[in-house]
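[1] following is a predicted model, sequence given first.
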Amino acid sequence: MNDVFSAINHRTSANNFDPAHVMSVDEITELAQFTNQTPTSFNQQNWRLVAVHTPGAKLRLKAAASNQPKVGDAAVTFVVVGKIGGYKDLPVLIKPMLDSGQIDQAAYDGWIKMANGLYEGKDQFQRDEAVRSGALAAMTIMLAAQGKGLASGAMIGFDPVAVSAECKLASNEIPVMLLAVGRPAPGNWPRKVRRDVGAIVSFSAD
């Protein structure tokens, strides 16, 4: 458990990465597997990752990301993709729980009915959910990378249309953010100053 606290307390956003560092497909997949534990509303799992790690793909993504050097230098840049309308996948996603007896038919039907009632016909809410889920997944990647001794840096400075085209995203998918991961190079800033905890938390009263 102390490793979790250490990752939280020591992680910082990196801009400089060692361009000679290469991550294998297995290493990248391991980070994705940790990320797969990220919670989502109703367990709709409405996000996925595109791992950009080959030289040519890095150059194309870099061009769509304001030519930020870290896209080319990092071992991998994840395109965190959010799915709009992910609740529609629930009948398939939670069917194994019904089949295994973890939930009964009433719970299965109620689960789907509640999700449909919350999201159906609410386009902005569905998009917000896709961004929320993608952001949670991105944070999991950052902490998993920190636990592996790697640096990470999130980016919102990119052309969403170009990134969507490069990654061949479906019409109901959006690029939530880009996340560079790799071995840090010299020149990264130290952790930035945070507000005092008294400024960020308040307590309810009876």
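    Structure's in. What do you need? Residues are numbered from 1 along each chain as shown.
[2] what about residue 39, distance to residue 6?
    22 Å (C-beta to C-beta, to the nearest Å). (Each C-beta comes from the backbone N, C-alpha and C, glycine too.)
[3] scratch that, residue 118 is what I was asking about
    37 Å.
[4] which parts of the protein are helices?
    All helices of the chain, identified by DSSP state H, fall at 2-10, 25-35, 55-63, 69-73, 90-93, 95-99, 105-119, 123-147, 160-166.
[5] now find how far off-centre the longest one is within its chain.
    For helix 123-147, the separation from the chain centroid amounts to 4 Å (computed by C-alpha atoms, centre = their mean, to the nearest Å).
[6] helices or strands up against it?
    helix 2-10, helix 25-35, strand 47-52, strand 76-83, helix 105-119, strand 151-155, strand 173-182 (3 or more C-beta pairs under 8 Å, 6 or more residues apart in numbering; DSSP states H and E).
[7] elements contacting the longest one?
    What it means is helix 105-119. Packed next to helix 105-119, using 3+ C-beta pairs under 8 Å, 6+ apart, are helix 90-93, helix 95-99, helix 123-147.
[8] which other residues reach the helix-or-strand element of the chain with minimal mean pLDDT?
    Lowest by mean pLDDT, DSSP states H and E among the helices and strands of the chain is helix 2-10, with a mean of 90. Contact with helix 2-10 is made by 143, 146-147, 191, as judged by C-beta atoms under 8 Å, 6 or more residues apart in numbering.
[9] nearest to residue 175 among the residues you listed?
    Ranked by distance to residue 175 (C-beta to C-beta), the contacts of helix 2-10 are led by residue 143 at 21.1 Å.
[10] please report how far the nearest residue to the closest one once chain neighbours are set aside lies from residue 150.
    Leaving out its chain neighbours, the residue that sits closest to residue 143 by C-beta to C-beta, 6 or more residues apart in numbering is residue 7, at 4.8 Å. Taking C-beta to C-beta as the measure, residue 7 falls 11 Å from residue 150.
[11] residue 23 now?
    From residue 23 to residue 150 the distance is 8 Å (C-beta to C-beta).
[12] phi, psi for the residue lying closest to residue 157 once chain neighbours are set aside please.
    Spatial nearest neighbour of residue 157, excluding adjacent residues (C-beta to C-beta, 6+ apart): residue 66 at 4.9 Å. Residue 66 adopts backbone torsions of phi 60, psi 30, taken as degrees, to the nearest 10.
[13] what is the neighbour count of residue 66?
    By other C-beta atoms under 10 Å, the residues close to residue 66 number 11.
[14] same check on residue 162?
    Residue 162: 15 neighbours (other C-beta under 10 Å).
[15] what sits against it?
    Residue 162 touches 63-64, counting by C-beta under 8 Å, 6+ apart.
[16] tell me the contacts of residue 18?
    With C-beta under 8 Å, 6+ apart, residue 18 has these contacts: 73, 182-185.
[17] residue 39 too?
    Contacts for residue 39 (C-beta under 8 Å, 6+ apart) come out as residue 136.
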